[in-house]
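Enquirer: What follows is a protein structure lacking sequence information:
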């Protein structure tokens, strides 16, 4: 392929598996994304997360924020410990979505890290946006009032970070096994191409 030639477009099948992979990557962040939506919606309506009760359309944004924060804390705790299994689930779409060994390993490395700490990262992003006026400590002391609704769930997102001592080695081990498999398959494919080169068109 010359410089002037364009690379072949991805097949619909690979695009499908990339979409599946994207959905798997979004799942850990769903509660935090919803919390961000609540924050932006409340601020757009003129409400202050550190201020009084905000009710829009008969719904208390404080209650929605509290439930979203509780869910975000739960997701953070789950994925930081067991994200390696979520990563293992994502290996099928990773393998189907990308063709080369390098692309597969790069996507797998990113997915391994995101599966473990993605929920925590997004939880912190959402906390900074909606609860910058609050401070949580590891003992859970310090109620935060968001739209005048109290919650102590924010500290669980911070304490969940200790789970990386379990989650990171687990995801790392799964990645190493996958890397070995991909490397072996790539080498065998290369050997077959050297042994049986493609015939030139007549």
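Expert: Thanks, I have it. Quick caveat, the model's predicted, so the values are computed rather than measured.

Enquirer: Go through stretch 80-92 and flag the buried ones.
Expert: 80, 81, 82, 83, 84, 86, 87, 88, 90, 91 (16 or more other C-beta atoms under 10 Å). (Each C-beta comes from the backbone N, C-alpha and C, glycine too.)

Enquirer: show me the contacts for the spatially closest residue to the second one that is not a sequence neighbour.
Expert: Read that as residue 81. Closest residue to residue 81 apart from its sequence neighbours, by C-beta to C-beta, 6 or more residues apart in numbering: residue 163 at 4.5 Å. Counting by C-beta atoms under 8 Å, 6 or more residues apart in numbering, residue 163 touches 77, 80, 81.

Enquirer: where exactly do the strands run in the chain?
Expert: With DSSP state E as the criterion, the chain has strands at 55-56, 59-60, 144-146, 149-151.

Enquirer: Please identify the most buried of those strands.
Expert: Among those, strand 144-146 has the highest mean neighbour count (mean count of other C-beta atoms under 10 Å), at a mean of 23.

Enquirer: What helices and strands are in contact with it?
Expert: Here strand 144-146 touches helix 61-97, strand 149-151, going by 3 or more C-beta pairs under 8 Å, 6 or more residues apart in numbering; DSSP states H and E.

Enquirer: Give me the mean pLDDT for it.
Expert: The average pLDDT for strand 144-146 rounds to 84.

Enquirer: do the same with stretch 165-180
Expert: So the average pLDDT for stretch 165-180 ends up being 95.

Enquirer: hmm, who's touching it?
Expert: Against stretch 165-180 from outside (C-beta under 8 Å, 6+ apart): 79-85, 87-88, 91, 105, 108-109, 112-113, 115-117.

Enquirer: Now tabulate the helices and strands packed on strand 144-146 in a markdown table and tack on mean pLDDT and distance to residue 184.
Expert: Below are these laid out as a markdown table (pLDDT from 0 to 100; distance: least, C-beta to C-beta, whole Å):
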| stretch | mean pLDDT | distance to residue 184 |
| --- | --- | --- |
| helix 61-97 | 93 | 13 |
| strand 149-151 | 84 | 50 |
